[in-house]
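S.K.: Test case, fold it:
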Amino acid sequence: MGSVTEKNKFTCVIPFYNECFESVFSNVREVLKVKEIDLVVIVDDGSKSIDTYEILKSVYSNSPNILFKRLENNFGKTFAIHHALNYVPDGNVFLCDSDLKNLNNKEISKAIAKYDLLDLNMLILRRIKVSFFPKIIRADTLLSGERILRKTDLVKIIQSGVKGYQLEVATNQYFLKNNLQKKCFWSPSSAVNNYKYKKFKFFKGMFKDLKMYFNIINYVGFKNYINQISKFCKHNV
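M.R.: Below you'll find the model as predicted:
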């Protein structure tokens, strides 16, 4: 696989909210092993406790390629990413969720190399270890928070008025609307998403998951989501 060109800089953005130190740390540690990533920006989206934020800052106090920012209030994932973009240089952004398990630095590195070598518009890290239902609605790809794209495109998407967990489907729709989907592919990821029904009490978590799905589909429109399922980013690069 070819090396990443000098003109294409890669910054990783990791927002988190009310996550324990161990969860965020394990993912940050893995991302820092990816040699193609020049900078990691971590944003605490107004967590109720500042412990995780403070411990992370302490652990990485001597690391010049990692930047920490904290919002006083919780505004949602998209706002946190938007805030992070103020500190991201021109180039490309690797978005990464903070609550993943089994994130693999070698898979990220291969994905970045493919994205750069083939000059793609976006590369999604598809969650290959998911249950039946997410596969049916293609949430393993369409809703994956791990994706690589240009900062300029990400800025346009966020400035369109996206909120919370709408970012992934809004991003997919942006590339479809602008006829850029032919250079959008996926690459396999062993990372496992921590669904809300596993993070909260079962019924409360299930309600939160269903509410999230409803919000996402309501935002993009049922017809557009079906179009994404049938047409968008269906092939491995």
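S.K.: Can you pull out the low-pLDDT segments for this protein?
M.R.: Under the criterion pLDDT under 70, the flagged ranges of the chain are 1-7, 194-206.
S.K.: and the residue nearest to residue 112 when sequence neighbours are not counted, how many neighbours?
M.R.: Here the nearest residue to residue 112 in space, its sequence neighbours aside, is residue 36; by Cβ to Cβ, 6 or more residues apart in numbering that works out to 4.5 Å. All C-beta spots, glycine's among them, are computed from the backbone N, C-alpha and C. The local packing of residue 36 (other Cβ atoms under 10 Å) involves 21 other residues.
S.K.: residues contacting residue 36?
M.R.: For residue 36, the residues meeting the contact criterion (Cβ atoms under 8 Å, 6 or more residues apart in numbering) are 4, 10, 109, 112, 113, 116.
S.K.: Contacts for the one helix or strand residue 174 maps to next, please.
M.R.: Counting by DSSP states H and E, the secondary-structure element that holds residue 174 is helix 167-177. Contact with helix 167-177 is made by 77-78, 81, 121-122, 142-145, 147, 149, 153-154, 156-158, 160, 162, 180-181, 184, 216-217, 219-220, 224-225, 227-228, 231-233, as judged by Cβ under 8 Å, 6+ apart.
S.K.: Just the buried residues of the very next helix or strand once past that helix, please?
M.R.: If you walk from helix 167-177 toward the C-terminus, the next helix or strand you reach (DSSP H and E) is strand 184-189. Neighbour-count burial for strand 184-189, with 16 or more other Cβ atoms under 10 Å as criterion, is recorded at 184, 185, 186, 187, 189.
S.K.: again, but for stretch 148-162
M.R.: Here stretch 148-162 shows 148, 149, 150, 151, 153, 154, 157, 158, 162 as buried, counting by 16+ other Cβ under 10 Å.
S.K.: Report how far apart the opening and closing residues of that stretch are.
M.R.: As for stretch 148-162, its first-to-last residue distance stands at 18 Å under the measure Cα to Cα, to the nearest Å.
S.K.: Now do that stretch: everything it contacts.
M.R.: Counting by Cβ under 8 Å, 6+ apart, 10-11, 78, 81-82, 85, 88-95, 111-112, 115, 120-123, 125, 167, 170-171, 174-175, 219 sit against stretch 148-162.
S.K.: Just the buried ones from those residues?
M.R.: Going by neighbour count (16+ other Cβ under 10 Å), the contacts of stretch 148-162 have 10-11, 78, 81-82, 88, 92-95, 111-112, 115, 120-123, 125, 167, 170-171, 174-175, 219 buried.
S.K.: Residue 123 and residue 217, how far apart?
M.R.: According to Cβ to Cβ, to the nearest Å, residue 123 and residue 217 sit 24 Å apart.
S.K.: ok, now residue 48?
M.R.: Per Cβ to Cβ, residue 48 is found 29 Å from residue 217.
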